[in-house]
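this is a predicted model, with the sequence first.
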Amino acid sequence: DTGVSQNPRHKITKRGQNVTFRCDPISEHNRLYWYRQTLGQGPEFLTYFQNEAQLEKSRLLSDRFSAERPKGSFSTLEIQRTEQGDSAMYLCASPPEGGAGELFFGEGSRLTVL
Amino acid sequence: AQTVTQSQPEMSVQEAETVTLSCTYDTSESDYYLFWYKQPPSRQMILVIRQEAYKQQNATENRFSVNFQKAAKSFSLKISDSQLGDAAMYFCAYRPFNDMRFGAGTRLTVKP
């Protein structure tokens, strides 16, 4: 257990619907990352928070995607008007205390868009 | 542009034998981190080993060791005495500052 919790673990939705994923990172850690992983590929960076500030966003994060981290604690990733191409595993990660650059990942939220 | 390249989509090893997974990366930075992550089927990413670029000594974690060649921008993972539980996708990752960038992965099969 890395201490990074994500839910729901699996979401099946119809195209055009909105979905929201939640991540609870290692407690009291300032930084939080979202990644997307499609089948057979490595994770791709989406966005990064330092406390409540969203400091960096990938070009992969279209305007249908929005991420928030109110109060610098948990984070949500919302996808509006889902498309079949959004089907993927969405991973949340945060650095462990005393770590040396590594990230600890949650188990991920798998999205299937029908 | 591809930052991290894993040229072996699949590898196979006999139980108790040794296998080496390859990784190359592209960077103009002098200080950064390199990692190998393991992802078992339908399970979360687990850190296997890390290397800081300013350290010349290759990192070792039990049966796992790396061959870090900074000039060649190469970072291979050696698994000794392979076990059935080592079967997984292995991802090489590079981290200069904030975001971590991953290769496409190598699927390792361990034969009993």
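Received it, and whenever you're ready, just let me know what you need.

any regions of chain A where pLDDT drops low?
For chain A, the stretches with pLDDT under 70 are A:1-2, A:28, A:98.

roughly how far apart are A:Ile12 and A:Gln80?
As judged by Cβ to Cβ, to the nearest Å, A:Ile12 and A:Gln80 stand 17 Å apart. Where C-beta positions appear, they are placed from N, C-alpha and C, glycine not excepted.

hang on, I meant B:Ala72
Counting by Cβ to Cβ - B:Ala72 and A:Gln80 are separated by 45 Å.

when these two are compared, which one has more neighbours?
For B:Ala72 versus A:Gln80, the count of surrounding residues by other Cβ atoms under 10 Å in any protein chain shown is larger for A:Gln80: 14 against 9.

which ones are touching that one?
With contact set as Cβ atoms under 8 Å, 6 or more residues apart in numbering or on different chains, A:Gln80 has these partners: A:Asn18, A:Arg64, A:Phe65, A:Ser66.

so which of those reach chain B?
By Cβ under 8 Å from any Cβ of the partner chain, no member of the contacts of A:Gln80 lies near chain B.

give the bridge partners for the spatially most central residue of chain B, please.
The residue lying closest to the centre of chain B (Cα atoms, centre = their mean) is B:Trp36, at 3.5 Å. Beta-bridge partners for B:Trp36, by DSSP bridges, are B:Ile49, B:Cys92.

model confidence for it, exactly?
Note on B:Trp36: pLDDT of 98.

make TSV out of the contacts of A:Gln80 and add neighbour count.
Output for those, formatted as TSV (neighbours: other Cβ atoms under 10 Å in any protein chain shown):
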residue	neighbour count
A:Asn18	11
A:Arg64	13
A:Phe65	19
A:Ser66	15
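
could you dump those residues into JSON lines with secondary structure added?
Conversion of the contacts of A:Gln80 to JSON lines gives the following (DSSP: H, G, I helix; E, B strand; the rest coil):
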{"residue": "A:Asn18", "secondary structure": "coil"}
{"residue": "A:Arg64", "secondary structure": "coil"}
{"residue": "A:Phe65", "secondary structure": "strand"}
{"residue": "A:Ser66", "secondary structure": "strand"}
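
what about the residue most central in space within chain A, helix or strand, and which?
The residue lying closest to the centre of chain A (Cα atoms, centre = their mean) is A:Trp34, at 3.5 Å. Counting by DSSP states H and E, the element that carries A:Trp34 is strand A:31-37.

tell me if that strand is near chain B.
Yes: contact of strand A:31-37 with chain B is found when judged by Cβ under 8 Å from any Cβ, involving A:Tyr33.

what's that strand packed up against?
Strand A:31-37 sits against strand A:44-50, strand A:75-79, strand A:88-94, with contacts defined as 3 or more Cβ pairs under 8 Å, 6 or more residues apart in numbering or on different chains; DSSP states H and E.

which residues sit against it?
A:23, A:25, A:43-50, A:60, A:67, A:69, A:75, A:77, A:88-95, A:103, A:105, A:108, B:99-100.
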